[in-house]
Every structure is written in structure tokens, then in C-alpha cells.
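# Give me a model of this one.
(2 chains, ligands or ions: 1)
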Amino acid sequence: MGSTLSQKVWERHVVRRAEGEPDLLYVDLHLVHEVTSPQAFEGLRLAKRPLRRPELTLATMDHNVPTNDAAPEEISARQIEAMAQNAREFGIRCFPMGDPDQGIVHVISPQLGLTQPGMTIVCGDSHTSTHGALGALAWGIGTSEIEHVLATQTIWQKRPGAMAVSVNGALPPECSAKDVILGIIARIGTAGGAGTVIEYRGSTIRALSLEGRMTICNMSIEAGARAGIVAPDEVTFAWLAGRPYAPKGPLWELALDEWRALPSDDDARFDREVTIDATTLRPYVTWGTNPAQSVTIDERVPSPDTFGADANREAAARALRYQELRPGTPVREIAVDAVFIGSCTNARLEDLRTASEVVRGRRVKPGLRALVVPGSMRVKADAEREGLDRIFREAGFEWRDAGCSMCLGMNPDVLRPGERCASTSNRNFEGRQGPGGRTHLVSPAVAAATAIAGHFALPSDL
Amino acid sequence: MEPVRHVVGRALPLARADVDTDQIIPSHWLKRLGRTGYAAGLFEAWRRDPGFVMNDARYDGASILLAGANFGSGSSREHAVWALREAGFRAVIAPRFADIFKSNALANGLVPVELAEAIVTRLVDAVRADPATEIAVDVEQRLVTAPGLRAPFALDDHARSRLLAGLDDIAVTLLREADITAYEKKRPEWLPKVR
Ligand code: SF4
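Below is the predicted model of the structure:
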């Protein structure tokens, strides 16, 4: 029997395997950010342990940084300084605020060419699954595990299951990668991928850009999966070629040979398979407080009575109360107070281009707060070279520096209690964007159209 | 980490599914640099509701949390486990945990006990009927007992022995130094180095 892509990457990284133990895996790249790492560095210091492989470690500052000119509050400034200090002390490369390579950890590593097919990548952040878009096996870890990786460059892991999600057919107009993943989560649920690595396959995935594949892999965690992965192909290689850390010359040829052998074998077996017909997808809008609670933009807010099991009915009723929504309301009639275009899900150049096309020559609905926060300073610079910043600004959007911004309600960008936001991020949990805030997850095109209309809308509605 | 053999005590019937780590501890608490000082942030938003179960004095001092499926989903923040531990919880019983939460719990001696939904519901009902109901989690035997109930739970051997011994994982791994070095010698040359 053949192997799946994720099994192949796994097997190539086993340092030790013994009966009754998880595998000890080697970590090719460890990404670090300011929020989940300070306790890990402190642990090393207390135990007087060195950092084993500084050259396989990269740090940035993204979660807790302001993305405008404001100074960070004092407690955040201390965390930012601690990251810089830890990077200096342990000899690792760090992109601080203001650096041209700074940005959201999951945006900068692929952009630098550090994320490559067949690698193992970990980071103290659940959306590390993003890197799977290039055929890397990448997953989020906790702070104790961060300390373990810093000290040993390895991690103990139980072998996950393999799940295949095949998406076939041409995407309908106005549908994007975001709608594919929201559609998948609506279908399989928040624990649909539990205990597995989801491999996204099929003609729809093959036809997506690498950016689109990152959007999909990013939200694997919202389906409960350990990681998401896409087989590397010509799209991947073309995207990687020439990037600063991509192999060069003869090493590129060597790497290519390895990468071409990675895709799942034809006779590989998956523990679970789901097939999605892309031609039936529509743009999605979440109405609830978990990412599976969504409907298409053409539908209405559902009634809790339509949910079978007691637990689901109760959860839906709770979510509607929190979101202050009435069953039966057409999604297009829900008005929003804020629009956030950003995050590691949807803040790459392609996302900003899509959104800018929608708002070009139009004005944000008066009274509505609209933010565009590029995923990295490089994305920002590239967008400015294309004049996207002007389009957004003229439409009434704020144009920010790179960071997580309003994705997580930690830095100065937060929703006020009761505010409703159309967001291109990945989590609509209660209070995620600020205590009492209400989040609806959408694609960049829907977010942009919603900013203009003031309520959920498609570009073609404008 | 201290060894954990048994957790015996009263339980808090949270009984909600899909409790994400943003609810367990909101992100503004993550600005801190240490591993302590998180108890006040535990379920911070929900605690503002006087009707929230944690505000019910009958459950004060509970050391076991009874939760719904997919507990600890979302963000990888280990702060969620630190907050639960600091608030006195030593075990969480739920039909299923999110993967990262489970590893974080095991790394901190918070016992993640997975039991079938029907059994968790029975425990919740028992505790709601009598908040003084005592529940015992035996890590060694992998067994939960409560009045009229004995339920074995799954916990792999490795996780069990880590809890029982309270080992420092890094020290254990460093015993494998020779394996790690041997692996490093075989790594392909084209793999990136950050410089
Ligand atoms: S953008 Fe949001 S989801 Fe992504 S790493 Fe930052 S906080 Fe996490």
C-alpha cells in the first residue's frame, strides 16, 4: 500500500520510533512570535539550556503590535522588548516592528521562501497549518512544546490520521478559496478533521493560486484538524523559485526531485474521504460563534429548531443570542459597524487586489469603520507599488502596517461591545475581536462589498 | 511538573460544547510574560453573567471541570491550561478535546479525561442534583468513579506514564542526543537556514 503526502513527510522526519511511545520528529523550521514564547525562553534560562539550532528558528512580532503610528501600551511594549531581547540572547533572527520583512508569522515565512515542500514546521500558533499549502507538514504547538523545540529541535508526536477532502469543478463567480474552506467546515463541522491531517485535493484546489491554497490550509484548525496540506505542483515550484531562502542552482534541482516524489501515491489509503462539488458553492457568511455556523449569502439566519441534536440546538440558540440575530433574517439585511480586511487567512497581495477592485471608485458607507491590514510589510510595499493603498484610502479605508490587528482583540484594534464586523479572518468566537464584539467571517470580496453597502453584499449587488 | 496519580474532588458542570480557548482566557491576558497570574482571567466574559455556573457558590472549590465536546478548540495558547490549573482544576472531563489543548494539558499535569457523551451527561446530572458529589479520576487505573458509576477512560501509555512520573520532557529527550545528532547528519543540504 502506498503512502499519503503527510505520511511521507512524517516518515522522513522520524528521529526515534519505539513501541509504546509517540514518534520523536525533527523540526526543520521553528517560527516564534512575541506572545506565546516568553515563558519558553524563560524556561531555557532557568534550566540553563542552550537553544539547539538558532539557524532553524525565526522570530517576528505580529500579535501584540499596533499597526498604526500609536505607541504600544506599556505591558505590550514589555512583551515586544522581551521578544527582541530573547532573540539577541539566544542568537535568533527576529523581524521587529518597522523591519521591511516584519509581518504575520504565517505570511512572512512562505514569502521569504523559508516554507518549502516536505518540511516539518511548528509554531506556537494554531494557524501554522497555513504552511501546508506548499506541501509542508506544519502544525501549532503550546508553550511547553516551544521550549522543547528550542532546546532539542524535535517534538514528540502521535501519528495523526489522514483525511482527504477533494474539491472538484470550477468555482462559481464571486466565490473564492475562503468560500471553499467555509463550505468544507459547514459540511464536516468544527471537529470534522479531528485527529487528522487534511489533504486538500481535486481540480478546484489544483486550479487555485498558492495564496488561495494558504487560505484553505489556514482554516484546517477550524475544522478541528491537526494540519492541512496540499501536494506541491508546478504552481508551488513557480511560486517558490527565486525567493530569498529557496534553494538555488544545483540545490534547486536536487530539491525539485525530492518535491516531485512527495504527492500521495495512487494506492494510498485515507482514513476518511469527503468530496465537495465546487460548482455548488456560494459565498458564505458565518452567523454564529463557531466557524461551522454559516450559511450562504443568499440564505437567511437559521432557526435553532432546524438543528437536530439538543446540543446543537442549544449552541445555535446561544450563538444567536450573543450575535443578537433573529432567525429568518435575510443575511443581506444584516448591517455591520466595521469591516476588517486582514489576518493570516486573507491579507496577502491577491486578497488585497480582489478587495481593491471591488471598492475602486466607491465610498465606504458613512459611519462604518473599515480597515485594511496587510499581512506583511512586503505585501504592503507590493500593494503600494500597484497603487492599491490609494484605492483603499480614497474609498475611506484605513491603510495600516502589518500585523494581526483586529483578528484577535489583543492589540489596540478591537471591536467595541455590541459592534458587528464583517471580517476576512478565521475565528468568530465570542469576543474574539474584542469583548462583546460580533464577528462574521467572509471572503475579501464580500468584506469589500459589505463595506460599501453597509450590510452583507456581493460585489455584483453594488 | 509534579506527578499526578489521582484527582478526587467536586466538579463544576460547565456542560457546553465547542468551548474555545478565547473563552477560557481572552487574548488580552496573553500580554503577560510569566506562567502565573491567569486565574482571574478564566472564563472572564462568561463570569460577568451572574447566572454563569462558576458564579454559583455551591461549586466553589471544584477541582474537576465537566465540559462538552471539542473542549479547548481554537488558539494554541497554553495560558488556557495555566488559568485552569491556577483556578484549582486538576482534571477536565469531556467527550473530546481539541488536540493542542490536550497536549498542553498533559504538559502541565491537567488530566484530560475523554468519556462518552452519555457518561459525561450522567456526571453533569449527578453534580447538578448534588454539588457535593465527589468524582475520582484515577490516572494509574484510567478509571473515573462517582456514586453509582465506574467508567474506564482511554489515555495512551506514554501520556499516562508522563502524568504519573511528572517527568521533565526536555530532559527525557536530551537522553536521545545521539539519535538527534545522527538524524541531523542526514538532513538534505538544500533545506533552508535562517541567517
Ligand atoms: S492573524 Fe489572527 S489567526 Fe493569524 S496568527 Fe494573527 S492572531 Fe492568529
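
# thinking A:Ile75 is in contact with B:Lys31, fair?
Yes: the pair A:Ile75 and B:Lys31 passes the contact test of CB atoms under 8 Å, sitting 4.7 Å apart. Where you see a C-beta, it was placed from the backbone N, CA and C, and this is true even at glycine.

# which of these two has more neighbours?
Shown here are A:Ile75 and B:Lys31; by other CB atoms under 10 Å in any protein chain shown, B:Lys31 has more neighbours (21 against 12).

# would you put the C-alpha positions of stretch A:40-56 in CSV?
What follows is stretch A:40-56, C-alpha atoms only, in CSV (Å, rounded to 0.1, in the frame of the first residue of the first chain):
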residue,chain,number,x,y,z
ALA,A,40,9.5,29.1,26.9
PHE,A,41,12.7,31.3,26.7
GLU,A,42,12.4,31.8,30.5
GLY,A,43,12.3,28.1,30.9
LEU,A,44,15.5,27.7,29.0
ARG,A,45,17.2,30.3,31.1
LEU,A,46,16.1,28.8,34.4
ALA,A,47,17.3,25.3,33.3
LYS,A,48,20.5,26.9,31.8
ARG,A,49,19.8,25.1,28.5
PRO,A,50,21.0,26.5,25.1
LEU,A,51,18.9,26.9,22.1
ARG,A,52,19.9,23.9,19.9
ARG,A,53,19.6,25.3,16.4
PRO,A,54,19.2,29.1,16.2
GLU,A,55,19.6,28.9,12.4
LEU,A,56,16.4,26.8,12.2
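
# Burial check on the residue in chain B that the ligand sits nearest to, number of neighbours?
The nearest approach of chain B to the ligand comes at B:Ser75, 7.1 Å away (CB to the nearest ligand atom). Using other CB under 10 Å, B:Ser75 has 30 other residues around it.

# Leaving out the residues flanking it, which one is nearest to it?
Closest residue to B:Ser75 apart from its sequence neighbours, by CB to CB, 6 or more residues apart in numbering or on different chains: B:Thr21 at 4.6 Å.

# Go ahead and confirm that neighbour touches B:Glu78.
No: using CB under 8 Å as the test, B:Thr21 is too far from B:Glu78 to be in contact (9.2 Å).

# which of these two has more neighbours?
The neighbour count for B:Thr21 versus B:Glu78, taken as other CB under 10 Å, is higher for B:Glu78 (30 against 26).

# Run a quick check on that one versus B:Ala107, I expect a contact.
Yes: if you go by CB under 8 Å, B:Glu78 and B:Ala107 touch, sitting 7.5 Å apart.

# And the strands in chain B?
Along chain B, counting by DSSP state E, strands occupy B:6-9, B:11-13, B:64-66, B:91-94, B:111-114, B:135-138, B:143-146, B:149-152.

# Next, format these as a markdown table and append distance to A:Val15 and mean pLDDT.
Conversion of the strands of chain B to a markdown table gives the following (distance: least, CB to CB, whole Å; pLDDT from 0 to 100):
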| stretch | distance to A:Val15 | mean pLDDT |
| --- | --- | --- |
| strand B:6-9 | 33 | 98 |
| strand B:11-13 | 40 | 98 |
| strand B:64-66 | 35 | 98 |
| strand B:91-94 | 31 | 98 |
| strand B:111-114 | 26 | 98 |
| strand B:135-138 | 33 | 98 |
| strand B:143-146 | 34 | 98 |
| strand B:149-152 | 33 | 98 |
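
# Output those strands in TSV; the columns should cover mean neighbour count and distance to the ligand.
Formatted as TSV, those follow (neighbours: other CB atoms under 10 Å in any protein chain shown; distance: least, CB to the nearest ligand atom, whole Å):
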stretch	mean neighbour count	distance to the ligand
strand B:6-9	17	32
strand B:11-13	25	29
strand B:64-66	26	25
strand B:91-94	27	24
strand B:111-114	22	23
strand B:135-138	20	33
strand B:143-146	18	35
strand B:149-152	13	36
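
# could I get the ones you listed as CSV with distance to A:Pro244?
Compiled in CSV, the strands of chain B are given as follows (distance: least, CB to CB, whole Å):
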stretch, distance to A:Pro244
strand B:6-9, 50
strand B:11-13, 51
strand B:64-66, 47
strand B:91-94, 44
strand B:111-114, 41
strand B:135-138, 51
strand B:143-146, 53
strand B:149-152, 54
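
# Let me have those strands in CSV, adding distance to chain A as columns.
Formatted as CSV, those follow (distance: least, CB to the nearest CB, whole Å):
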stretch, distance to chain A
strand B:6-9, 20
strand B:11-13, 14
strand B:64-66, 14
strand B:91-94, 12
strand B:111-114, 11
strand B:135-138, 20
strand B:143-146, 20
strand B:149-152, 19
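
# rewinding a little: who touches both of B:Glu78 and B:Ala107?
Common neighbours of B:Glu78 and B:Ala107 (criterion: CB atoms under 8 Å, 6 or more residues apart in numbering or on different chains): A:142, A:144.

# need the residues of the stretch 51-200 of chain A near chain B, please.
The stretch 51-200 of chain A has residues A:54-58, A:63-64, A:75-76, A:78-79, A:82, A:92-93, A:113-114, A:116, A:119, A:124-126, A:140-145, A:147-148, A:151-154, A:156, A:158, A:190-191, A:194-195 near chain B, with proximity defined as CB under 8 Å from any CB of the partner chain.

# Can you say which of the residues you listed are buried?
A:54, A:56-58, A:63-64, A:76, A:79, A:82, A:92-93, A:113-114, A:116, A:119, A:124-126, A:140-145, A:147-148, A:151-154, A:156, A:190-191, A:194-195 (16 or more other CB atoms under 10 Å in any protein chain shown).

# List the ones among these that fall in strands.
Going by DSSP E, the strands hold A:57-58, A:93, A:140, A:154, A:156 from these.

# Among those residues, which one sits closest to A:Trp259?
A:Leu58 (21.1 Å; CB to CB).

# who's in contact with the nearest residue to that closest one once chain neighbours are set aside?
The shortest distance from A:Leu58 to any non-neighbouring residue, by CB to CB, 6+ apart, is to B:Val194 (4.7 Å). Neighbouring residues of B:Val194 by CB under 8 Å, 6+ apart: A:29, A:54-58, A:92-93, A:114, A:245.

# what's the spacing between B:Val194 and A:Ala87?
Separation of B:Val194 from A:Ala87 (CB to CB, to the nearest Å) stands at 11 Å.

# burial measure for A:Arg313, as a count.
Neighbours of A:Arg313 under the rule other CB under 10 Å: 15.

# I'd assumed A:Asp305 was in contact with it.
Yes: using CB under 8 Å, A:Arg313 is in contact with A:Asp305, at 6.9 Å.

# quick one: secondary structure of A:Met163?
Look at A:Met163: counting by DSSP: H, G, I helix; E, B strand; the rest coil, its state is strand.

# wait, doesn't it sit right on A:Ala227?
No: with contact defined as CB under 8 Å, A:Met163 does not reach A:Ala227; the gap is 10.4 Å.

# what do the two both touch?
A:197-198.

# check contacts around the residue nearest to A:Arg326 when sequence neighbours are not counted.
Spatial nearest neighbour of A:Arg326, chain neighbours left out: A:Val301 (6.6 Å); criterion: CB to CB, 6+ apart. Going by CB under 8 Å, 6+ apart, A:Val301 touches A:287, A:295, A:320, A:325-329, A:331, A:334.
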